[in-house]
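[1] Kindly return the folded structure for what I paste below:
(2 chains, ligands or ions: 4)
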Amino acid sequence: MNSMNPLDIYQRMADEAKSREEAKTEKTRILVGTATCGVAAGALKVRDEFVKGIEKKGLDAEVIEVGCMGHCYAEPMAVIAKPGFPPMCYGKLDDGLVNRLVEDYLAGDDPCYEYALAALERNDVFPTFEDFPRGVHEEKLILGQCGYIDAGDINSFLARDGYSALAKALEDEPLAVLNEVKAANLRGRGGAGFPAGDKWEACLSSSENEKYVICNADEGDPGAFMDRSILESDPHLVIEGMVLCAYAIGAQKGYLYIRAEYPRAVRHVQQAIDQARQMGLLGNAILGTKFNFDLEVFQGSGAFVCGEATALVNSMEGKMGLPESRPPRLAQKGYRGKPTILNNVKTFAYVPLIIRNGADWFKSIGTPDSPGTAVFSLVGKVVNTGLVEVPMGTTLRQLIYEVGDGLPNAKEFKAVQIGGPSGGCLPESALDVPIDFDSLHDAGAIMGSGGLVVMDQDDCMVAVARYFLEFTQHESCGKCTFCRLGTKHMLDILTDITDGKGTMESLTLLEELAEDVRDGSLCNLGRTAPNPVLTTLKYFRDEYRAHIEEGRCPALVCRDLILYYIKPPKCSKLCNVCVGSCPTEAIFTREDGLKEIDQEKCVKCDNCLKACPPEYNAIVKLSPPVLPKEKEGAVK
Amino acid sequence: MYSLQLLEGEREQILASVQEVISKSSKNREDLIPVLQKVQAKLGYLPALAMEKISEGLNIPAADVYGLATFYNQFRLNPPGKHQVKVCLGTACYMVGGDITLESFERRMKIKEGETSADRLYSLERVACVGCCTLAPVVVVNEEVEGKVTPTRVDGIMLTFEESDKEKVSEPEMQKGEEH
Ligand SMILES: Cc1cc2nc3c(=O)[nH]c(=O)nc-3n(C[C@H](O)[C@H](O)[C@H](O)COP(=O)(O)O)c2cc1C
Ligand code: SF4
Ligand code: SF4
Ligand code: FES
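    Ligands and ions are numbered 1, 2, ... in the order given. All right, here's what the predicted structure looks like:
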């Protein structure tokens, strides 16, 4: 008998990784969040500043780049783990703060609690993330290690039981993996919630020898970034999930289809693949067994429709990314005409956890029909934006008000757009809907890939509907007439309404068109394109009417229906800020010293409104665009 | 169609780059997108000449190559400017005035989105979500993501461009080439 079974090989590897990681904890480590969002907020400068400070003071400390912890509202962020202290997380860092931390905490022994966000471990002095409402609701499964591990070092992943699910699975029959995934009722996280196990089973039953596993990381939904974040922060989790899938269905080759707009994700995944291959976790004879499977990155070229399964495969084959009618399903006839499994990034990420902890564990989280968690990128008018992971069944209200801490600037909630262009806008009255595939669908939205955009009183729902229609119209591949011309016609009507040229008849036509496009399109891009229109018409018809019947945009957004006006009594006379801010020299000083806007010249750029100092706040927007009577101008 | 003239030496550079990429490719249809990506990475865009040569090299009809290049958002048919700006118009960015930011750049650069200025100093594009929605509105300036870009910040960005150009003595004279 062979003395080296996969578990033994794995154990040796994991033990070595653990001792390496432990050795690292003997000195101070600074983990800087350098995912794309962190970098955009200035994380690289923060990293450099820490390195500089450490060198200057000759300290024994190491700066490590990690991914995104999900608390994007506090970027740039860093965790300082100093022996003898609980690891502490600091947010909104800048040069000054970094220097202070180097001086007082790294060189001295003062953890500067006044600047800390939270501690990462329970202790007697400072609360942890779990002590805040966000932490109470959140249950991090697939985001669990994002922001805590070094995505560039496979040991960091191995030391936390990474690839143990693979080692365990390889000890057993491939069918065991499939059975566990089926028993867990894992539903695909790419949008529709199709059971992953059923898809895999269809692929397994094919008699073809050549099969493929593809990870859909196209993430075309504007406003969604969780797939990017996972790939940048914990790429091995997704890779392990793909290897498990390949083992279950008998595939030898796989691809990660990552959109080219995500260069950092591409880089991290490529690095992770190379390291996994080096360790014998990918490639030939994985963990000493007869199982061979290798992965490659394919860079998607940025067309929203290519996220659709058949279009994605076409684009990988060097064709235009046009969807095709199904069946045959990809599981029977996919990439290169062979059986292919295509799953979303998150779907694969759950697999190792399910194999490790069992289907019952997974089913104990979430709701009976939608087990597990939901991952959202929470953006828009919400205080604590970022990436969140909550059990299915959490309500939208909890998500927005407790996890996200409500709306900023004391503004009123108006709607939440969920599911991207194929989703819908839900009003206040729908906030108690639990988040799961079926409830959201019933409410007129969809889970989609998990983009969640909160809107307040300053957002115009007609403009939002128009925005999404413009997006889908632009991204329609043009194959179906309804999708190509129907969305164009819908967009024209919506544009007319936002321009103040809409009629009630055209509104009726808009609704009819919406239904036709929904019913007459081949792929889900066309079939779901009308959703933002249908939901806004259902819940915010008043706003459409105000545009059409009163020429008024209640949210003061639609440019043809507003004008900028300087309130004479509020204008300071002496401050010239608005004049300087105007790109078209539309603002002039009157004889009485007050400022006034030449409406002919104004391009409604919002500059002056933002520039006018808050103590005067003299510039207002008016809708309908009618100037107040001249006499008001005389008020001192 | 809107097009810019080739600069001196650009023709040779295009031919050499395409040659190099194609010589390393397996010349399958599946290679078409990666080849286009690699050529664009070298040249910064896909000139008509490059597409012709790729079509010859991979033995794929020119119309198909052009069709792909225009179907996918990643490919650009105009050369990038010395200062490249991409304005995000994803949902989060749009909602907080991404379109106003884009217009500010259009006004300041005196070009429309999708264009490159004739002196090739500026190019302006719109993109759909770069995945930093929490920092909306977002602008990518020469590959670097900048968050919370208000119109005033637009002026600041343009100013840094102008400053950095002033430091150089004078730009080499534009070479007149053939319209293509
Ligand atoms: C227009 C369109 C765009 C899509 N974009 C994506 C995407 O970016 N990522 C994704 O995982 N799925 C996307 N999907 C869904 C895929 O077609 C497919 O259902 C999914 O990748 C399957 O994975 P899952 O079963 O793990 O959810 C899109 C579908 C359509 C119709
Ligand atoms: S519905 Fe639209 S995107 Fe989908 S195949 Fe038809 S035309 Fe293309
Ligand atoms: S909105 Fe813009 S163009 Fe109009 S007055 Fe104000 S700064 Fe000038
Ligand atoms: S919407 Fe602009 S970065 Fe996502």
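
[2] residue ranges for the strands of chain B, please.
    B:83-88, B:122-127, B:139-141, B:144-146 (DSSP state E).

[3] roughly how far out does the third one sit from the chain middle?
    It stands for strand B:139-141. How far strand B:139-141 lies from its chain's middle: 12 Å, per Cα atoms, centre = their mean, to the nearest Å.

[4] now stretch B:134-152
    17 Å.

[5] now check that stretch, is it near ligand 3?
    No: against ligand 3, stretch B:134-152 shows no contacts by Cβ under 6 Å from any ligand atom, the least distance being 8.0 Å. Every residue, glycine included, has its C-beta placed from N, CA and C.

[6] and stretch A:445-459, how far out from the chain's middle?
    With Cα atoms, centre = their mean, you get 12 Å for stretch A:445-459.

[7] Likewise for stretch B:59-67?
    Counting by Cα atoms, centre = their mean, stretch B:59-67 comes out at 21 Å from the chain centroid.

[8] Pass me the low-pLDDT residue ranges in the chain, would you?
    Answering for chain A, as no chain was given. For chain A, residues meeting the criterion pLDDT under 70 lie at A:1-3, A:630-636.

[9] if you could check chain B rather than the one you did, that'd help
    B:1-4, B:168-180.

[10] Show me which residues of it are close to ligand 4?
    Counting by Cβ under 6 Å from any ligand atom, the residues of chain B that sit close to ligand 4 are B:88, B:90, B:91, B:92, B:93, B:129, B:130, B:131, B:132, B:133, B:136, B:138.

[11] Apply 8 Å and report the result again.
    Where chain B comes near ligand 4, counting by Cβ under 8 Å from any ligand atom, the residues are B:88-94, B:98, B:127-133, B:135-138.

[12] which ones among those are found in helices?
    B:91, B:92, B:93, B:94, B:98 (DSSP state H).

[13] what subset of those residues is also close to ligand 3?
    Near ligand 3, by the rule Cβ under 8 Å from any ligand atom, you find none of these.

[14] could you dump those residues to a markdown table with distance to residue A:408 and neighbour count?
    Formatted as a markdown table, those follow (distance: Cβ to Cβ, whole Å; neighbours: other Cβ atoms under 10 Å in any protein chain shown):
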| residue | distance to residue A:408 | neighbour count |
| --- | --- | --- |
| B:91 | 17 | 28 |
| B:92 | 14 | 30 |
| B:93 | 17 | 31 |
| B:94 | 18 | 28 |
| B:98 | 18 | 24 |
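
[15] most tightly surrounded among the strands of chain B?
    strand B:83-88 (a mean of 24; mean count of other Cβ atoms under 10 Å in any protein chain shown).

[16] picking up where we left off before, next, format the strands of chain B as CSV and append distance to residue A:408.
    Output for the strands of chain B, formatted as CSV (distance: least, Cβ to Cβ, whole Å):
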stretch, distance to residue A:408
strand B:83-88, 20
strand B:122-127, 26
strand B:139-141, 22
strand B:144-146, 21
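
[17] Against chain B, how distant is the closest residue to residue A:235 other than its chain neighbours?
    Excluding the flanking residues, the one nearest residue A:235 by Cβ to Cβ, 6 or more residues apart in numbering or on different chains is residue A:272, at 3.9 Å. With distances taken as Cβ to the nearest Cβ, to the nearest Å, residue A:272 is found 18 Å from chain B.

[18] Next one: residue A:272 relative to residue B:92, how far apart?
    28 Å (Cβ to Cβ, to the nearest Å).

[19] and chain A, which residues reach ligand 4?
    Counting by Cβ under 8 Å from any ligand atom, chain A sits next to ligand 4 at A:222, A:223, A:224, A:225, A:379.

[20] dump the residue contacts of residue B:66.
    residue B:51 (Cβ atoms under 8 Å, 6 or more residues apart in numbering or on different chains).

[21] what does the stretch 251-400 of chain A have sitting close to chain B?
    A:260-262, A:298-299, A:301-304, A:306, A:315-321, A:377, A:379-381, A:385-386 (Cβ under 8 Å from any Cβ of the partner chain).

[22] can you put the ones in helices among the residues of chain B next to ligand 4 in CSV and add distance to chain A?
    Below are these laid out as CSV (distance: Cβ to the nearest Cβ, whole Å):
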residue, distance to chain A
B:91, 4
B:92, 4
B:93, 8
B:94, 6
B:98, 10
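
[23] With respect to residue A:582, which of the residues you listed is nearest?
    Lowest distance from residue A:582 to those (Cβ to Cβ) belongs to residue B:98, with 20.1 Å.

[24] looking at it, the closest one is touching residue B:135, isn't it?
    No: applying Cβ atoms under 8 Å, one finds residue B:98 not in contact with residue B:135, separated by 11.7 Å.

[25] Can you measure across stretch A:183-194, start residue to end residue?
    End-to-end distance for stretch A:183-194, by Cα to Cα, to the nearest Å: 14 Å.

[26] do that stretch and ligand 1 meet?
    Yes: applying Cβ under 8 Å from any ligand atom, one finds stretch A:183-194 touching ligand 1 at A:187, A:188, A:189, A:190, A:191, A:192, A:193, A:194.

[27] Highest neighbour count among those?
    residue A:189 (29 neighbours; other Cβ atoms under 10 Å in any protein chain shown).

[28] residues contacting residue A:142?
    Residue A:142 neighbours (Cβ under 8 Å, 6+ apart): A:230, A:234, A:237, A:346, A:349, A:350, A:353, A:373, A:375, A:389.

[29] Buried ones from those, can you make that a PyMOL selection?
    Written as a PyMOL command, the selection of buried residues from the contacts of residue A:142, which uses 16 or more other Cβ atoms under 10 Å in any protein chain shown, is:
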select buried, chain A and resi 230+234+237+346+349+350+353+373+375+389
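
[30] For the contacts of residue A:142, which two are the farthest from each other?
    A:234 and A:373 (14.8 Å).

[31] Now for residue A:585, how many residues are close by?
    Neighbour count of residue A:585, defined by other Cβ under 10 Å: 9.

[32] er, residue A:284 actually
    12.

[33] wait, it sits on residue A:292?
    Yes: assessed by Cβ under 8 Å, residue A:284 is found in contact with residue A:292 at 4.8 Å.

[34] SS state for residue A:134?
    helix (DSSP: H, G, I helix; E, B strand; the rest coil).

[35] okay, now residue 153: neighbour count?
    Just so you know, I chose chain A. Neighbours around residue A:153, by other Cβ under 10 Å: 20.

[36] looking at chain B here, not the other one
    16.

[37] Which residue is the nearest non-sequential neighbour of it?
    Counting by Cβ to Cβ, 6+ apart, the nearest residue to residue B:153 once its immediate chain neighbours are dropped is residue B:146, at 7.5 Å.

[38] dump the residue contacts of residue A:184.
    Contacts of residue A:184 (Cβ under 8 Å, 6+ apart): A:197, A:350, A:354, A:359, A:362, A:363, A:371, A:372.

[39] Can you say which of those are buried?
    Using 16+ other Cβ under 10 Å, the buried ones in the contacts of residue A:184 are A:197, A:350, A:354, A:359, A:362, A:363, A:371, A:372.
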